[in-house]
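Chemist: Output the structure for:
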Amino acid sequence: MSEMKKGKLFVISGPSGAGKSTVIGELMKLRDDLAFSCSVTTRAPRPGEVDGEDYFFIDWERYNAMIDAGELLEHAVFAGNGYGTPRAPVLRLMEQGKQVLLDIEVQGAAQVKKAMSESVSVFLSPPSMEELERRLRNRGTETEEKILQRLETAKYELTLVDRYDYHLINDDPVRCARELNAIINI
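Modeler: This next block holds a predicted model:
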């Protein structure tokens, strides 16, 4: 019996509204060896989001306790909310031979690359800032202040593209998922 090959860790980052969740959803349809690592967040669930599936929705007390205990592979505060990736499930999935996907922002991506240099990082961009703004507004889930904050943050994040192993532009989520699939196959 051959030994199971260890899976790889793929970090997907990009501005809020770039379509990371949509592309990852399309990618999951193409492969059966993928596992999506569920992050923790202190923000409230958006309509339709499921605790333990989209995120683990926790309070600030639990979030800070996880940081203090070293339970998070990465963590950051983004748009006034805490986000982080629980370490143990990621390592367990990789040991099971799964290709693990993290959907995290740029601060967290840098932390993961430092902690796990063998991880593969992919930056997902919107086709334009106008399209990004349209997507954020069409969500209908955030205040004008939050939208403007996310757009300002996106301008900064787009300057960090060169720090990633790959850069994809999401003008078509199905095509973008196929490109991401090709990266995983390398």
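
Chemist: When you work out contacts or count neighbours from here on, use the C-alpha atoms and nothing else.
Modeler: Fine.

Chemist: For L91, give me its contacts.
Modeler: For L91, the contact set (C-alpha atoms under 8 Å, 6 or more residues apart in numbering) is empty.

Chemist: and the helix or strand L148 falls within, how far from the chain's centre?
Modeler: Remark: L148 resides in helix 144-157, with elements defined by DSSP states H and E. Centre-to-centre, helix 144-157 and its host chain are 17 Å apart (C-alpha atoms, centre = their mean, to the nearest Å).

Chemist: Ok, stretch 168-186 next?
Modeler: On C-alpha atoms, centre = their mean, the centre of stretch 168-186 falls 15 Å from that of its chain.

Chemist: Contacts for it, please.
Modeler: 10, 18-19, 22-24, 26-27, 30, 99, 122-127.

Chemist: ditto for stretch 49-59
Modeler: Everything outside stretch 49-59 that qualifies as a contact, by C-alpha under 8 Å, 6+ apart, is 38-45.

Chemist: Could I get the full set of helices for the protein?
Modeler: In order along the chain, the chain carries the following helices (DSSP state H): 20-30, 60-68, 87-95, 106-115, 129-139, 144-157, 173-185.

Chemist: Centroid-nearest residue for the protein?
Modeler: In the chain, the centroid-proximal residue (C-alpha atoms, centre = their mean) is D103; its distance is 1.0 Å.

Chemist: Would you check that it makes contact with V11?
Modeler: Yes: counting by C-alpha atoms under 8 Å, D103 touches V11, with 6.3 Å between them.

Chemist: that older thread, same list, the contacts of stretch 49-59, but as TSV with neighbour count, distance to L180 and pLDDT please.
Modeler: Listed next are those as TSV, based on neighbours: other C-alpha atoms under 10 Å; distance: C-alpha to C-alpha, whole Å; pLDDT from 0 to 100:
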residue	neighbour count	distance to L180	pLDDT
C38	20	19	90
S39	22	20	91
V40	24	24	96
T41	24	25	96
T42	20	29	97
R43	18	28	95
A44	12	29	93
P45	14	27	93
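
Chemist: among the helices of the chain, which is nearest Y164?
Modeler: The closest of the helices of the chain to Y164 is helix 106-115. By C-alpha to C-alpha, the value is 8.9 Å.

Chemist: Give me the contact list for that closest one.
Modeler: Here helix 106-115 has contacts from 11-14, 73-76, 84, 119, 121, 157, 160, using C-alpha under 8 Å, 6+ apart.

Chemist: ok, 10 Å please
Modeler: 9-15, 73-78, 83-85, 102-104, 116-123, 156-158, 160-161, 163-164 (C-alpha atoms under 10 Å, 6 or more residues apart in numbering).

Chemist: How far off centre is that helix?
Modeler: 11 Å.

Chemist: Give me the below-cutoff pLDDT ranges for the protein.
Modeler: Within the chain, the stretches with pLDDT under 70 are 1-3.

Chemist: Go again with 90.
Modeler: For the chain, the stretches with pLDDT under 90 are 1-5, 36-37, 46-47, 53-54, 76-80, 103-108, 139-142, 146, 186.
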